[in-house]
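> output the structure for:
(2 chains)
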Amino acid sequence: MVGRRLATAIPGVIGVIVVTFLLNRALPGDPAAYFAGPAATPQAIEEIRTRLGLNRSLPEQFVLYIRDLARGDLGHSLTTGQPVAADLRARLPASLELAFCGLLLALAIALPLGVLAATRPGSGVDHVTRLLATMGNSLPVFFTGLVLVYVLYYLLGWAPPPLGRLEVFRETPPAITGSYLIDSLLARDPGLFLAVAKQLILPTMTLGLAALAPITRMTRAAMLGVLASDYVRTARANGLAPRTVLYVYALRNAMLPVVTTLGLVLSFLLGVSVVVEKIYAWPGIGAYALDSVIASDYAPVQGFVLTMAVVYVLLNLLIDLLYGVIDPRVQIES
Amino acid sequence: MKSQWWKAAILSAIALLLSTAMAMPSFSQDRSDTLLVVTEGGPNSMDIHGVGANFQVYGVTWNAYDRLLTYGKKTLPDGTVSYDFTKLEPELAQRWWLSADGMSVTFHLRKDAKFHDGTPVTAHDVKWSFDRAVIVGGFPTFQMNAGSLEKPEQFVVLSDHSFRINFLRKDKLTLPNLAVPVPVVFNSALAKRHATPTDPWAMAWLRNNTAGGGAYKVESWRPGQETVFVRNDDWKSGPLPKIRRVVVREVPSAGSRRALIERGDADIVLDLPARDFVELAKMANLTVIGTPVENAMMYVGLNAKHPPFSDVRVRQAVAYALPRKRIVEAATYGRSAPLVTPVASNTFGYDPKMSPYTMQNLSKAKALMAQSGFPNGFDTTLSFNAGFAATNEPMAILLQESLRLIGINATINKIPGAVWRGALLRKDLPVILNVFSGWLNYPEYFYLWVLHSQNSAFNTSSYQSPEMDKLIDAARFETDQKRYAEQVREFINVALRDVPILPLFQPSMDVAMQKRISGYTYWFHRQIDFRSLVKN
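Prediction:
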């Protein structure tokens, strides 16, 4: 079942490969001229063009690209000088860790808030929720990110310096999962875990704030719908405890649209993290892809889009599976 | 009651977690002999001979490798220290002497120098490294050629510690060119171990590893994140550096970099907008040093090949119409002085009195336009690199405004950074804002790149003049100082008459550091030399 579900994603991934390859070539910009360096003559640029294989025809370049791809070789990034696969392996965990932390923070605030607002529509809590949701929707991430750095780091000195995943005088944990939080726990180093968590505070707050709005709204709306339904009225009429009605009958049924939103929000977080990565010097894949696009460095952009496509396919599958857990009536369509 | 308990417990747990995380003492065990430098970008390679090595690679190379020669230092009028291009000093070479006929130079290498892995440095390593630089092509080869170092046969090993370079011609840039970052000495035995038949120069391995003997070893390099250097305690080519460890972190956001230096968490910060440096300079705990970059110039380029700017009267009219002072003030917030002659202020031949265009003179500009082939003016475009919009945009707007006063309607054309170099290569942009700087501080070196009809990528104006070529070529190989001075003066005069480029200002190499840091030295390659720095 899972296998068949994955198989349906294959044409999409192939499409992504072709489109990114072509889009990249359609971009203006000449990587050979860019990388020839400041003192290049036209001959030097031609030399580099040949070495990069950019003098070949498009179909030829595409065949070569596919051949390398089949061998798991995503090519070399000229901006970092590393194999793209190695870059992505090093950076994807950083982005995922940050996105998941942001999502968890948003969930921790949005779910209770949404439920509270739905149970007391029109009350003070409801207005606060509306305010928060509007703020989260309307404040751009680059703004909240800089404001948080300015207030919490620069003015108050509470938050650690925006220097990336770890402060300067710390060794990175031995790489097992790539997530510093998990790796530092696996290494049984609580001090390191705290140091990692500390660096995560500001970027997580920035992302969490952005993710707050859609989750709160969806929770509130779904809960309002469910609370007005017949079976909730029946449950109440039968004298079940309000707590049981709320959490066992209402919330679980309201979770389906919320989980759908979570999938959307997580992909959104991976997207906006470009800005957050820049502000907090976070070595994630968003900033990596952006730098590569600016330099018309084809290989990393292609690698990035491909990775993201795979991540989305997996994410969607995970959400589909979650549906089944939440509501046993839902089955993955075959 | 029970649920109250619950809430209280969760709340206090969160509060505890947050407060311990936030109030954790920052680790200060290594702070005193570790230096934290924050920059916008980092190196994309460890090998300056590699394809597409960026500016930051120069800095890695400078600190992790040794050269045969280096430059001396001098104190500038403002009290800051700069390298001195007129003084060559020993690095790996202890002594050197020219042959009687002046057609070769022999170096005596220091016997105690070792690479980071303990292998002694020999003349064979020098030969291997120089051969590599002239053979691999691209930037290193072109840089070597600038000093008439072109063929492997020129590099001769006499003994383990004695090495000769045969000259192809007498070129005063040959020796100075040995002290730039390109002709560094690699550990050839180590590199050869990683060479393959298809990669005889170990390009693949040296891209990610260093094989040097410089004052610092690269302890770790995470591309796009940080580079960590540790002192090489066995370094013999100069006094042992004071700083034991240097961490260079890449922080892409200028706002974050500025916050880091102001809060005192970073020791040195580079790559900020001019306005930030102006404000940081006013802060009591910081030192801001700005050094006019030698042999560098921000200029307006006018396309001398295509009409209407192929008409010299039009170009002269623009020169008279240019509100230089206002433009420079708007672009650099007073951190750079206007430049009226096409030669930098700390380069030989600089004499602002030579320029007829020291002040804006609209009546003269209008008169020239009236005499030109375009008395009614024309429409054109004014292009600049959008990657440096903070500097370029205000300049472009002011220039556009003043051009309108003499009947030239210029549309502003912002070109993205990735496309900029390609656009310059086509050489069809009528008016551009551009900057060029030469490592070697000689006026004819600048002119060779920018105004010679060999038409390098940097002759952005497509300017061709046999008269100019003759003067530049003569000056390059002139040995008589008096005649040289005349030639330089003459080619500057030709440039002032033909105005293919209009100088605006000399860019400034700006760096902000904590007051506790001293020993900063300006270098032509515009990277930080860790070796002279001291942290108190």
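> where do the strands sit along the stretch 1-150 of chain A?
Using DSSP state E, counting those that start in this stretch, the strands of the stretch 1-150 of chain A do not appear at all; there are none.
> which intervals of it have sub-threshold pLDDT?
For the stretch 1-150 of chain A, the stretches with pLDDT under 70 are A:1, A:28-29, A:35-41.
> 50 - rerun?
Filtered on pLDDT under 50, the stretch 1-150 of chain A yields no residues whatsoever.
> which parts of it are helices?
Per DSSP state H, counting those that start in this stretch, the stretch 1-150 of chain A carries helices over the ranges A:2-7, A:10-26, A:31-35, A:42-52, A:58-70, A:84-119, A:124-138, A:141-148.
> so of these, which one's packed in deepest?
helix A:31-35 (a mean of 25; mean count of other CB atoms under 10 Å in any protein chain shown). Bear in mind the C-beta positions are built from the backbone N, C-alpha and C, glycine included.
> what comes into contact with it?
Residues outside helix A:31-35 that contact it (CB atoms under 8 Å, 6 or more residues apart in numbering or on different chains): A:40, A:45-46, A:48-49, A:52, A:54, A:78, A:295-298, B:51-52, B:418, B:421-422, B:425.
> go with 7 Å
Defining contact as CB atoms under 7 Å, 6 or more residues apart in numbering or on different chains, one finds that helix A:31-35 is touched by A:45, A:48-49, A:52, A:54, A:78, A:295-298, B:51-52, B:418, B:421-422, B:425.
> now those: which count as buried?
Buried subset of these (neighbour count, 16 or more other CB atoms under 10 Å in any protein chain shown): A:45, A:48-49, A:52, A:78, A:295-298, B:51-52, B:418, B:421-422, B:425.
> now, which of the residues you listed sits nearest residue B:187?
Distance ranking of the buried ones among the contacts of helix A:31-35 against residue B:187, using CB to CB, places residue B:51 first at 21.3 Å.
> surely the closest one and residue B:139 touch.
No. Contact between residue B:51 and residue B:139 fails when scored by CB atoms under 7 Å: they sit 8.6 Å apart.
> for stretch B:479-498, give the mean pLDDT please.
Averaging pLDDT along stretch B:479-498 yields 94.
> list the contacts of it.
B:170, B:312, B:341-343, B:348-349, B:354-356, B:443-444, B:447, B:451, B:465, B:467-468, B:471-472, B:474-475, B:478.
> residue A:298 and chain B, how far apart?
Distance of residue A:298 to chain B, given as CB to the nearest CB, to the nearest Å: 11 Å.
> quick one, phi/psi of that residue?
Main-chain dihedrals, residue A:298, degrees, to the nearest 10: phi -60, psi -50.
> report the contact partners of it.
A:24, A:31.
> per-residue pLDDT of it, please?
79.
> what residues does the stretch 201-334 of chain A put near chain B?
Taking CB under 7 Å from any CB of the partner chain as the measure of proximity, the stretch 201-334 of chain A contacts chain B at A:201, A:278, A:279, A:281, A:283, A:287, A:288, A:294, A:295, A:296.
> most neighbours among the residues you listed, which one is it?
Counting by other CB atoms under 10 Å in any protein chain shown, residue A:288 has the largest number of neighbours within those, with 30 neighbours.
> so what's that residue closest to, chain neighbours aside?
Distance criterion CB to CB, 6 or more residues apart in numbering or on different chains; nearest residue to residue A:288, sequence neighbours excluded, is residue A:91 at 5.4 Å.
> distance check, that neighbour against residue B:177.
39 Å (CB to CB, to the nearest Å).
> got the residue ranges for the strands in the stretch 51-200 of chain B?
Taking DSSP E, counting those that start in this stretch as the criterion, the stretch 51-200 of chain B contains strands spanning B:69-75, B:81-90, B:93-98, B:104-109, B:155-159, B:162-166.
> okay if I get those as a markdown table plus mean neighbour count?
Formatted as a markdown table, these follow (neighbours: other CB atoms under 10 Å in any protein chain shown):
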| stretch | mean neighbour count |
| --- | --- |
| strand B:69-75 | 17 |
| strand B:81-90 | 17 |
| strand B:93-98 | 16 |
| strand B:104-109 | 19 |
| strand B:155-159 | 15 |
| strand B:162-166 | 19 |
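> TSV please, covering these and showing distance to chain A and mean pLDDT.
Formatted as TSV, the strands of the stretch 51-200 of chain B follow (distance: least, CB to the nearest CB, whole Å; pLDDT from 0 to 100):
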stretch	distance to chain A	mean pLDDT
strand B:69-75	19	95
strand B:81-90	18	94
strand B:93-98	25	95
strand B:104-109	24	96
strand B:155-159	21	96
strand B:162-166	21	96
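> need these in JSON lines with distance to residue B:281, can you?
JSON lines is the format used below for the strands of the stretch 51-200 of chain B (distance: least, CB to CB, whole Å):
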{"stretch": "strand B:69-75", "distance to residue B:281": "20"}
{"stretch": "strand B:81-90", "distance to residue B:281": "18"}
{"stretch": "strand B:93-98", "distance to residue B:281": "39"}
{"stretch": "strand B:104-109", "distance to residue B:281": "43"}
{"stretch": "strand B:155-159", "distance to residue B:281": "46"}
{"stretch": "strand B:162-166", "distance to residue B:281": "44"}
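> now do the same contact list for residue B:267.
B:35, B:36, B:37, B:513, B:514, B:517, B:535.
> for the fifth one, which non-adjacent residue is closest in space?
Put plainly, it is residue B:514. residue B:267 (5.4 Å).
> pLDDT wise, what is the one you found at?
95.
> and the nearest residue to residue B:212 once chain neighbours are set aside, how far is that from chain A?
In this structure, residue B:212 finds its nearest non-sequential neighbour in residue B:65, 3.7 Å apart by CB to CB, 6+ apart. Note on residue B:65: its distance to chain A, by CB to the nearest CB, is 17 Å.
> is residue B:65 in contact with residue B:215, as I believe?
No. The criterion here is CB under 7 Å, and residue B:65 misses it with residue B:215 at 9.4 Å.
> phi and psi next, for residue B:228.
phi -120, psi 130.
> repeat that for the one 3 residues further on.
Taking degrees, to the nearest 10, you get phi -70, psi 140 for the backbone angles of residue B:231.
> that one - how many residues pack around it?
For residue B:231, using other CB under 10 Å, the count is 20.
> just grab the bridge partners of it for me.
residue B:216 (DSSP bridges).
> pull out the buried residues from the host helix or strand of residue A:258.
Assigning secondary structure by DSSP states H and E places residue A:258 in helix A:252-279. Under the neighbour-count criterion of 16+ other CB under 10 Å, helix A:252-279 has A:253-256, A:258-259, A:261-263, A:265-266, A:268-270, A:272-279 buried.
> ok, stretch B:130-145 next?
Quick answer for stretch B:130-145 (16+ other CB under 10 Å): B:130-134, B:136-144.
> near chain A, from these?
Among the buried residues of stretch B:130-145, chain A is touched by B:137, B:138, B:139, B:142, B:143 when using CB under 7 Å from any CB.
> any chance of those residues in TSV, plus pLDDT and distance to residue A:237?
Putting these into TSV (pLDDT from 0 to 100; distance: CB to CB, whole Å) gives the following:
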residue	pLDDT	distance to residue A:237
B:137	80	85
B:138	76	82
B:139	80	82
B:142	82	87
B:143	87	87
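> just the residues you listed: which are in helices?
In helices, defined here by DSSP state H, the members of these are B:139, B:142, B:143.
> with distance to residue B:487 as added columns, please give these in JSON lines.
Shown next, in JSON lines, are those (distance: CB to CB, whole Å):
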{"residue": "B:139", "distance to residue B:487": "28"}
{"residue": "B:142", "distance to residue B:487": "24"}
{"residue": "B:143", "distance to residue B:487": "24"}
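> which among those residues gets closest to residue B:94?
Among those, residue B:143 lies closest to residue B:94 (CB to CB), at 24.6 Å.
> ok now do the residue nearest to that closest one when sequence neighbours are not counted, which residues does it touch?
Spatial nearest neighbour of residue B:143, chain neighbours left out: residue B:182 (4.4 Å); criterion: CB to CB, 6+ apart. Shown in contact with residue B:182 (CB under 7 Å, 6+ apart): B:48, B:133, B:140, B:143, B:144.
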